[in-house]
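Visitor: Could you look at this predicted model? Sequence included:
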Amino acid sequence: MEKIVLDIEKALGRGESSFALTKEQVYAQADQATACNKTLENGTGKGYDFLGWLHLPSSITEAEIADIQETANTLRSKCEVVVVVGIGGSYLGAKAVIDALSGTFDNYCHCGLDPQTHPIIVYAGHNIGEDYLHELSGYLQGKSFGIINISKSGTTTEPALAFRILKKQLEDAVGKEEAKTRIVAVTDKARGALRTLANKEGYKTYVIPDNVGGRFSVLTPVGLLPVAVAGIDIKQLIAGAAAMEQATGSEVPFENNPAEIYAATRNELYKSGKKIEILANFHPKLHYVSEWWKQLYGESEGKEHKGIFTAAVDFTTDLHSMGQWIQEGERSIFETVISIARPTYSVEVPFDEQDLDGLNFLAGQRVDHVNKMAELGTQLAHVDGGVPNIRIEIPELNAYYLGQLLYFFERACGVSGYLLGVNPFDQPGVEAYKKNMFRLLNKPGY
Ligand code: PA5
């Protein structure tokens, strides 16, 4: 099997460009990056009690996978639609994988187990939109549906609110007893309102380990259960992640260790004034991989008044909007581009007798060739414009390589956070809005 490839060559200045980071500067961080990686492995750094994600790919058992698959099969057999209820780290990983591997128009998985029979996955509890919930209820009307309710704390307002509404709709539609067989809770082993409710109602439950934070939980049942329900091969996802766990271990020399190189490069760029990292893809199905990545790095590093601001764009779409800013706006950005070497399908540009659109020069070429030239042209333009460019190439868009990509980003995030000097595993800043909201809503105790 191949590996995803990291290329930092175009992030390094060569005199003619307006950024000056050198390979020597990046490699000068090798010892420190490796030390940070060792600190992760030894569990001696900040947030050491949240390192359970580190060896998830290599430690998950066949029995755990089989149990998740069995629950997924039950939901697949009973439901036309499954609603995944969760917010932040409790839904973004699943959505990233499911969107990447499902059809753009039919929503069915194209790279997994059984493309014919699995349910449509929809999401709730990631906003407080009344219209959203109204429309979701309308969409579910008359359909057989189930719910996967995911909340580590079990007390987060957005998913709790959505679940209350959806639970009632499901019970009204199929009765309380049948509803219990279509609801699965993924939460803390003992604490929180969701745990209390699940125990009382007798829902099937999965535990989010104490030592795995939300944004690092995609390879726990938080991500694996919805992904399996969508018909995606979770064994392949885990196998890819396990290959990357090996490839990014602290014993792997810096020059061969993509997680350490990525972490060192982005930290050096940050020190040189590049305060914003834009994750760009040339494949619309990766949109939510970027959303997941934004949370992973933004929530892990944005603290103590420091940290790279994470942004994301979909190319070529956003070249027609944000392209101007990226080319000529303030030079405080660098780009990390995710490229897919071989698309799943092949579409050729047809020959046209009249050629009124002037595209016959492309006749017989694959659309992906045009996309790749757009990518190369963009890279040249942006580098010329003073935007350092890191490139990550995925051989193909399937569960195995996505597993590699997700783990690569997680591992690099841990190393990067330690290089920056923060605790990458806490999120003290997210409580502030909640306190105000509860006070404004007159919640008892606030
Ligand atoms: O990464 C995180 O910790 C957050 O994004 C949480 O996952 C999110 O706030 C949801 O929390 P919970 O799973 O407790 O409902």
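Guide: Received it, and whenever you're ready, just let me know what you need.

Visitor: Now do the SS call for Val313.
Guide: The assignment at Val313 comes out as strand when based on DSSP: H, G, I helix; E, B strand; the rest coil.

Visitor: Could I get the contacting residues of it?
Guide: By Cβ atoms under 8 Å, 6 or more residues apart in numbering, Val313 lies in contact with 278-281, 290, 322, 326. Just so you know, the C-beta spots here come from the backbone N, C-alpha and C atoms, and that holds for glycine as well.

Visitor: Reformat those residues as CSV; add neighbour count.
Guide: Shown next, in CSV, are the contacts of Val313 (neighbours: other Cβ atoms under 10 Å):
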residue, neighbour count
Ile278, 21
Leu279, 23
Ala280, 27
Asn281, 26
Ser290, 21
Met322, 18
Ile326, 23
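
Visitor: Can you tell me which of these is closest to the ligand?
Guide: Nearest to the ligand out of the contacts of Val313 is Ser290 (Cβ to the nearest ligand atom; 15.7 Å).

Visitor: quick one on the thing from earlier: sort out for me which of the contacts of Val313 are in strands.
Guide: The members of these that map onto strands under DSSP state E are 278-281.

Visitor: Show me where the stretch 301-446 of the chain has its strands.
Guide: Using DSSP state E, counting those that start in this stretch, the strands found in the stretch 301-446 of the chain span residues 309-314, 333-342, 389-396.

Visitor: closest to Thr248 out of these?
Guide: Nearest of the strands of the stretch 301-446 of the chain to Thr248, taken as Cβ to Cβ: strand 389-396 at 13.3 Å.

Visitor: Now the closest one: buried residues?
Guide: Of all the residues in strand 389-396, those buried under the rule 16 or more other Cβ atoms under 10 Å are 389-395.

Visitor: Grab the nearest non-local neighbour of the residue of the stretch 251-400 of the chain found nearest the ligand.
Guide: Closest approach of the stretch 251-400 of the chain to the ligand (Cβ to the nearest ligand atom) occurs at Glu299, with a separation of 5.7 Å. The shortest distance from Glu299 to any residue other than its chain neighbours is 5.1 Å, reached at Gln427 (Cβ to Cβ, 6 or more residues apart in numbering).

Visitor: And for Gln236?
Guide: Ala399 (3.8 Å).

Visitor: Settle this for me: that neighbour is touching Gly240, isn't it.
Guide: Yes: between Ala399 and Gly240 there is a contact under Cβ atoms under 8 Å: 6.8 Å.

Visitor: Can you classify the closest residue to Asp49 other than its chain neighbours by secondary structure?
Guide: Of all residues beyond its chain neighbours, the one nearest Asp49 is Asn211 (5.8 Å), with distances taken as Cβ to Cβ, 6+ apart. The three-state assignment at Asn211 reads coil, by three-state DSSP.

Visitor: What about Asn211? Give its phi and psi, please.
Guide: Here the main-chain torsion angles of Asn211 (degrees, to the nearest 10) amount to phi -90, psi 20.

Visitor: All further residue positions should be reported with the first residue as 7.
Guide: Understood, numbering begins at 7; the last thing we discussed is Asn217.

Visitor: In CSV: the strands of the stretch 307-452 of the chain, plus mean pLDDT.
Guide: Shown next, in CSV, are these (pLDDT from 0 to 100):
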stretch, mean pLDDT
strand 315-320, 98
strand 339-348, 97
strand 395-402, 97
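
Visitor: For the ones you listed, could you give me a markdown table that also reports distance to the ligand?
Guide: Formatted as a markdown table, the strands of the stretch 307-452 of the chain follow (distance: least, Cβ to the nearest ligand atom, whole Å):
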| stretch | distance to the ligand |
| --- | --- |
| strand 315-320 | 14 |
| strand 339-348 | 21 |
| strand 395-402 | 22 |
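
Visitor: Any idea which of the ones you listed gets closest to Lys210?
Guide: The nearest among the strands of the stretch 307-452 of the chain, by Cβ to Cβ, is strand 395-402 at 33.6 Å.

Visitor: other SSEs contacting the closest one?
Guide: strand 11-13, helix 264-277, strand 339-348, helix 373-390, helix 405-426 (3 or more Cβ pairs under 8 Å, 6 or more residues apart in numbering; DSSP states H and E).

Visitor: so what's Gly435 up against?
Guide: 308-309.

Visitor: Got the confidence number for it?
Guide: Note for Gly435: predicted pLDDT of 89.

Visitor: just Ile126 next, same as before
Guide: Here, the pLDDT recorded for Ile126 equals 92.

Visitor: swap in Lys441?
Guide: 87.

Visitor: wait, isn't it in contact with Tyr452?
Guide: Yes: counting by Cβ under 8 Å, Lys441 touches Tyr452, with 6.6 Å between them.

Visitor: tell me the phi and psi of Glu336?
Guide: With angles defined as degrees, to the nearest 10, Glu336 sits at phi -50, psi 140.

Visitor: what separates Phe367 from Glu354, distance-wise?
Guide: Distance, Phe367 to Glu354, using Cβ to Cβ, to the nearest Å: 14 Å.

Visitor: neighbour count winner among these two?
Guide: Between Phe367 and Glu354, counted using other Cβ atoms under 10 Å, the more crowded position is Glu354 (13 against 8).
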